[in-house]
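>>> I need the structure of the sequence given here:
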Amino acid sequence: MDAQRRIFGNTLRLATTLLLLVWVAVCVGRLSPGAAATPPVPTAVTVLFFNDLHGHLQPFEVTGRSRKQVVGGIARIATLVREIRAENDRRGARTVVLVAGDILQGTPMSTVFKGEADVEALNALGVDALAVGNHEFDFGMENFRKLRARAAIVEKESGRPLCEVSLAIPLAEGLVLTVIGVTTEALMTTSLPRYVASLGVTCAVPPVRLAYEEARRRGPVILLSHCGIEADEEIARALPGLAAVIGGHDHILLAPYRQVGAVPIFQAFEKGRYLGRIDFLVDPQSGKARLVGHTYLPITEKTVPDPQVASLVAAYEGKLGDRFKEVIGRSAVFLEGEREQIRYRETALGNFVADIMREYTSAQIALINAGAIRASIEAGPVTIEDAFRTVPFPNEIVVMALSGAEIEQCLRRSVSGNRADKDGGFLQVSGLSFEVRGQTIANVRVGPERQPLEPESAYKVAVTDFLATGGDRYTVLKDKLQLQTGLPLRELLVDTIRRRGVITAREEGRIRRLE
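Numbering: from 1, shown residues only. The predicted structure is shown next:
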């Protein structure tokens, strides 16, 4: 209980530091036309931003085209923010730091401390505003209320916004920069239903338009969005006067930025690998912002970590101890878990995880949404931390009986997107094989004997508890008679690697794309 109080006490400070639930009262009087003998000087504003951090406070290793490199790290981001702030202070420019959602879930540190470490790091960084992401609900509504971010989310019973929609940042006398926050409508299908049952997510455009119309006369307006690029483009078309859209959710690097009419749309990839920078000059008479510079600063070993933030992260690492560093086995092959691949095609890692689900439950078939698998496993030693990065969510395995026709319905949902969608609802499978042409499936086979799937026959199927509640739009699974196995997938992954010693999973042609 003391630990809970400490977590909640720390996270409550985010509401003050980030001003996430407090309206900032700003006097917006204008100078009279004759008050100045010379034209007013434009106000310089630098906006720094990142998105989809997913708990990656510490630097991590990635495999590039020619070599491995260590990237990211919130302490390195803090150094760049501090240096840019100091430079702007010297030249009289304003610095604003924004985060476009999904700060939680993806590393042992984020999971064990339920976002406490992430929030403390953002406090130390001096973030001005945070848009809520769908993964901010991964530790439940009570935890989310303590984190308190901005989004167009309402409570079903009252219709009141769960969080404030906009934040006013004073730039100069009579001049205000407004940041409007909005989140994805997919929140309701990408979060565990029991965590968001009391919520409804409104269509993004009307609440954004309302906030925009109230704010635009006071100065420039930026949309801070965790909606994804398609919704961001829709809002940009509807509100062509926006100064910029800073987005998230897609995990893409929009370089160059996406232009919709006069509105530039930015997104800075994922996991703190880049710090986005936008420079504006704001006309104090018209309140319009003119884009004069933009870049994405890579977060690499060349940047010296900020001592204060590095110390904070190190303290949390010390609390974790060495248990996550334990080597539990090794992989003989690279196991692909990057979203560009695992959310579109069969991968050896997807096969490995789905096989674990089927084998532990003695099911005929296992289905897992690719969005539940969040990182690759490199060839070589595998630690508990690697397993937690790969399967960061506390999913448990559920078993149910499905007809062949219902299984086909699941497979059609699985392939309903295209490669660019990077759809987390794409299924990795075990005990099944099938062909895909476009968005249609054919030649579905079951078991080692590759028998045709019979529409009227019943099959024992293992899925995650997330899918079993209709997550990722698998409504056919909702309300089915379910056996709650109590088997936690993440722990089964650790145990399986430990027991086998060596992972030799491979692609087997379970999902054959014919396009």
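
>>> Now the host helix or strand of residue 443 - C-alpha only, CSV.
Using DSSP states H and E, the element containing residue 443 is strand 440-446. Listed next in CSV are the C-alpha coordinates belonging to strand 440-446 (Å, rounded to 0.1, in the frame of the first residue of the first chain):
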residue,chain,number,x,y,z
THR,A,440,-9.2,-12.4,-48.7
ILE,A,441,-8.2,-15.8,-47.3
ALA,A,442,-8.2,-19.3,-48.8
ASN,A,443,-7.1,-22.9,-48.3
VAL,A,444,-7.3,-22.8,-44.5
ARG,A,445,-5.7,-25.9,-43.1
VAL,A,446,-5.6,-27.3,-39.5
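
>>> Mind giving me the packing neighbours of it?
helix 404-414, strand 432-437, strand 451-452 (3 or more Cβ pairs under 8 Å, 6 or more residues apart in numbering; DSSP states H and E). (Glycine included, C-beta is placed from N, CA and C.)

>>> Pull out the buried positions in the first one.
With burial defined by 16 or more other Cβ atoms under 10 Å, the residues of helix 404-414 counted as buried are 404, 406-411, 413-414.

>>> where exactly do the strands run in the stretch 301-450 of the chain?
Assigned by DSSP state E, counting those that start in this stretch, the stretch 301-450 of the chain shows strands spanning 327-331, 365-369, 380-383, 396-403, 427-430, 432-437, 440-446.

>>> Pop the domain breakdown of the protein in here.
Per the record, the chain has its domains at 42-318, 323-513, by automatic domain parsing.

>>> Now that we have the ones you listed, can you turn them into CSV and tack on mean pLDDT?
Converted to CSV, the domains of the chain look like this (pLDDT from 0 to 100):
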stretch, mean pLDDT
domain 42-318, 86
domain 323-513, 94
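
>>> most tightly surrounded among these?
Highest mean neighbour count among these (mean count of other Cβ atoms under 10 Å): domain 42-318, with a mean of 20.

>>> Now do the end-to-end distance for it.
End-to-end distance for domain 42-318: 47 Å, by Cα to Cα, to the nearest Å.

>>> And for stretch 275-292?
End to end - Cα to Cα - stretch 275-292 spans 17 Å.

>>> Figure out how far it is from the centre of its chain.
Centroid displacement of stretch 275-292 relative to its chain, using Cα atoms, centre = their mean, to the nearest Å, is 27 Å.

>>> sec struct for the closest residue to residue 239 other than its chain neighbours, please.
Using Cβ to Cβ, 6 or more residues apart in numbering and skipping residues adjacent in sequence, the residue nearest residue 239 is residue 212, 5.3 Å away. In three-state terms, and counting by DSSP: H, G, I helix; E, B strand; the rest coil, residue 212 is helix.

>>> I'd like to know how far residue 212 sits from residue 182.
11 Å (Cβ to Cβ, to the nearest Å).

>>> all helices for the stretch 151-300 of the chain, in order.
Secondary structure of the stretch 151-300 of the chain (DSSP state H, counting those that start in this stretch): helices at 187-190, 193-196, 205-215, 229-238.

>>> Specify the stretch among those helices that is closest to residue 491.
helix 193-196 (20.8 Å; Cβ to Cβ).

>>> My guess is residue 389 contacts residue 373. True?
No: Residue 389 is beyond contact range of residue 373, at 10.1 Å (criterion: Cβ atoms under 8 Å).

>>> I'd like the buried residues of helix 404-414 written out as TSV, with distance to residue 379 added.
Listed next are the buried residues of helix 404-414 as TSV, based on distance: Cβ to Cβ, whole Å:
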residue	distance to residue 379
404	38
406	38
407	33
408	36
409	37
410	32
411	31
413	33
414	28
